[in-house]
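1. task: produce atomic coordinates for the following.
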Amino acid sequence: MKIIVPMAGRGSRLRPHTLTIPKPLIPVAGKPIVHRLVEDIAGVLNQDIEEIAFIIHESFGTKVEEELLAIAQKLGAKGTIYYQNQALGTGHAIMCAKDSLSGPAVIAYADTLIRADFDLDQTADSVIWVKQVDQPEAFGVINLNENNEIIELVEKPKEFVSDLAVIGIYYFKDVALLKNELQLVLDNNIIHGGEYQINDGIKQMMVKGMKFVPGKVAEWMDCGNKDVTVDTNSRMLGFLHNDGEDLVDATVKLEDATIIQPCYIGKNVVLINATVGPNVSLGEGCHVLNSTIKNSLVQTHSHIKNAHLDNAMIGNHASFDGNFTAISIGDYSVLE
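-> Here you go, the predicted structure:
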């Protein structure tokens with residue numbers, strides 16, 4: 001089994017954090033988004049992962065590439081890096097990794113997280129992962145026949161089709177079949193919305209009679225902007241806490257401080273006269289003094305004092321001293 005992960009650009013909606021680190025590498029509950037994503041996919045597949053192919057912009061740089069390859073290695077897989085230097089759509093991004101498009105594979109966009117527990121239908125040519133939503137008109141949805149097979153993909157339907165939204169994760173029994181259809185999309189310059197789309201390849205597979213079925217996830221969490229990323233961090237902490245995971249490192253130093261679970265507290269964090277939690281992630285080496293923090297995500301080696309933070313997101317090596325509450329400051333920022 002392979003996992004193909006289009007990552008494309010850094011993500012403008014999560015600035016300033018994505019000015020220095022690509023969005024899929026921002027940690028949620030102490031682990032990069034893309035790391036959690038591929039782990040959760042591997043859990044659903046219940047199969048050995050042979051290769052994880054990451055499709056990135058070349059400007060991400062060597063350090064990011066090394067981090068991505070390390071994620072693959074931790075899952076016992078070969079890591080491969082491909083480049084998409086022009087934002088030409090999902091279909092184009094996938095085809096940038098065409099040398100890896102063979103055999104069974106999952107394609108997953110790297111700005112989403114899931115909680116799922118379903119058995120993969122081994123008889124289907126493809127499984128499109130979906131989530132039941134309250135406002136289907138805001139999403140791309142699937143249309144099912146009486147045999148629970150997907151017969152159509154409909155983008156933001158004006159009239160009700162179904163309430164099962166496509167979340168951007170797809171399993172293919174043989175991804176080479178999708179590769180062949182996407183090659184035709186590129187060759188014939190089939191463009192929608194100014195881009196080459198994965199849906200145009202999928203639609204041609206459906207026309208040729210291939211069987212598509214839904215795989216329903218229990219939870220679908222977005223990491224599109226600051227507010228939803230902080231909310232996703234809170235939700236993921238709750239899930240992990242309920243799973244019995246201990247997310248407070250043994251090296252944490254407390255002095256007149258309280259931790260209200262669920263929280264992730266990384267290595268060598270120092271809390272002095274502080275109340276942290278619930279729903280807080282503090283990365284390695286953070287120092288918190290005379291502060292209360294809840295519902296917030298703080299990356300590594302940041303110093304916070306005299307603060308009352310709620311719904312805040314703070315980058316790496318930042319320094320914050322003040323009375324602002326719902327802040328969003330990036331790496332190496334100083335706000336005093």
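
2. CA only for contacts and neighbour counts going forward, please
-> Will do.

3. how about the closest residue in space to residue 143 that isn't next to it in sequence, what does it touch?
-> Closest residue to residue 143 apart from its sequence neighbours, by C-alpha to C-alpha, 6 or more residues apart in numbering: residue 152 at 5.0 Å. By C-alpha atoms under 8 Å, 6 or more residues apart in numbering, residue 152 lies in contact with 142, 143, 144, 203.

4. relative to the helix or strand hosting residue 152, what are the paired strands and their orientations?
-> Element membership of residue 152 [criterion: DSSP states H and E] is strand 150-155. Within its sheet, and counting by DSSP bridges, strand 150-155 is paired with strand 140-144 (antiparallel).

5. average pLDDT for the strand it pairs with?
-> Averaging pLDDT along strand 140-144 gives 96.

6. give me the contacts around it.
-> Taking C-alpha under 8 Å, 6+ apart as the rule, strand 140-144 contacts 150-157, 161-166.

7. compare the residues you listed and tell me which has the most neighbours.
-> residue 165 (27 neighbours; other C-alpha atoms under 10 Å).

8. wasn't it part of a strand?
-> Yes - counting by DSSP: H, G, I helix; E, B strand; the rest coil, residue 165 is found in a strand.

9. residue 107 and residue 233, how far apart?
-> 23 Å (C-alpha to C-alpha, to the nearest Å).

10. next: residue 116.
-> Distance from residue 116 to residue 233, by C-alpha to C-alpha: 17 Å.

11. and residue 76, how far from residue 281?
-> Taken as C-alpha to C-alpha, the span from residue 76 to residue 281 is 27 Å.

12. looking at the two, which is more packed in?
-> Per other C-alpha under 10 Å, whichever of residue 76 and residue 281 has more neighbours is residue 281, with 33 against 14.

13. the more buried one pairs with what?
-> residue 264, residue 297.

14. that older thread, closest one of the contacts of strand 140-144 to residue 35?
-> Using C-alpha to C-alpha, residue 166 comes nearest to residue 35 of those, at 21.0 Å.

15. let me see the contact set for that closest one.
-> 128, 129, 130, 131, 139, 140, 141, 142 are the contacts of residue 166 under C-alpha under 8 Å, 6+ apart.

16. repeat that for 7 Å
-> 129, 130, 131, 140, 141, 142 (C-alpha atoms under 7 Å, 6 or more residues apart in numbering).

17. just give the nearest non-adjacent residue to the fourth one, would you?
-> In this case it means residue 140. That would be residue 155: by C-alpha to C-alpha, 6+ apart, it lies 4.0 Å from residue 140.

18. what's the one you found in contact with, if anything?
-> Residue 155 neighbours (C-alpha under 7 Å, 6+ apart): 139, 140, 141.

19. returning to what we had before: model confidence over the strand holding residue 152, on average?
-> On average, strand 150-155 scores 95.

20. then stretch 266-275?
-> pLDDT averaged over stretch 266-275 gives 98.

21. and stretch 168-180, by the same measure?
-> So the average pLDDT for stretch 168-180 ends up being 97.

22. just the buried positions in that stretch, please.
-> Neighbour counts over stretch 168-180 (16 or more other C-alpha atoms under 10 Å) mark 169, 170, 171, 172, 173, 174, 175, 176, 177, 178, 179 as buried.

23. what secondary structure does residue 171 sit in?
-> strand.

24. what pairs with it across the strands?
-> Beta-bridge partners of residue 171, as defined by DSSP bridges: residue 106, residue 127.

25. could you pull up the residues touching it?
-> Listed by C-alpha under 7 Å, 6+ apart, the contact partners of residue 171 are 105, 106, 107, 126, 127, 128.

26. which other helices and strands contact the helix or strand hosting residue 202?
-> Using DSSP H and E, residue 202 falls within helix 198-207. Secondary-structure packing of helix 198-207 (3 or more C-alpha pairs under 7 Å, 6 or more residues apart in numbering; DSSP states H and E): helix 175-187.

27. residue 129 belongs to a helix, doesn't it?
-> No - counting by three-state DSSP, residue 129 is not part of a helix but strand.

28. pLDDT at the closest residue to residue 210 other than its chain neighbours, what is it?
-> Once flanking residues are discounted, residue 210 sits nearest to residue 125: 6.0 Å by C-alpha to C-alpha, 6+ apart. Note on residue 125: pLDDT of 97.

29. ok, residue 147 next?
-> 94.

30. distance of it from residue 213?
-> Residue 147 is 9 Å from residue 213, by C-alpha to C-alpha.

31. so between those two, which is more surrounded?
-> Taking other C-alpha under 10 Å, residue 147 and residue 213 do not tie; residue 213 has more neighbours (23 against 7).

32. secondary structure element for the more buried one?
-> Secondary structure from DSSP H and E places residue 213 in strand 212-216.

33. just the CA trace of that strand, in PDB.
-> Presented in PDB, the C-alpha positions along strand 212-216 are these (Å, rounded to 0.1, in the frame of the first residue of the first chain):
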ATOM      1  CA  PHE A 212     -16.800   3.300  -6.300                       C
ATOM      2  CA  VAL A 213     -18.100   3.100  -2.800                       C
ATOM      3  CA  PRO A 214     -18.100   5.400   0.200                       C
ATOM      4  CA  GLY A 215     -16.100   5.100   3.400                       C
ATOM      5  CA  LYS A 216     -17.700   7.100   6.200                       C
END
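
34. since that was my last question, I'll sign off now.
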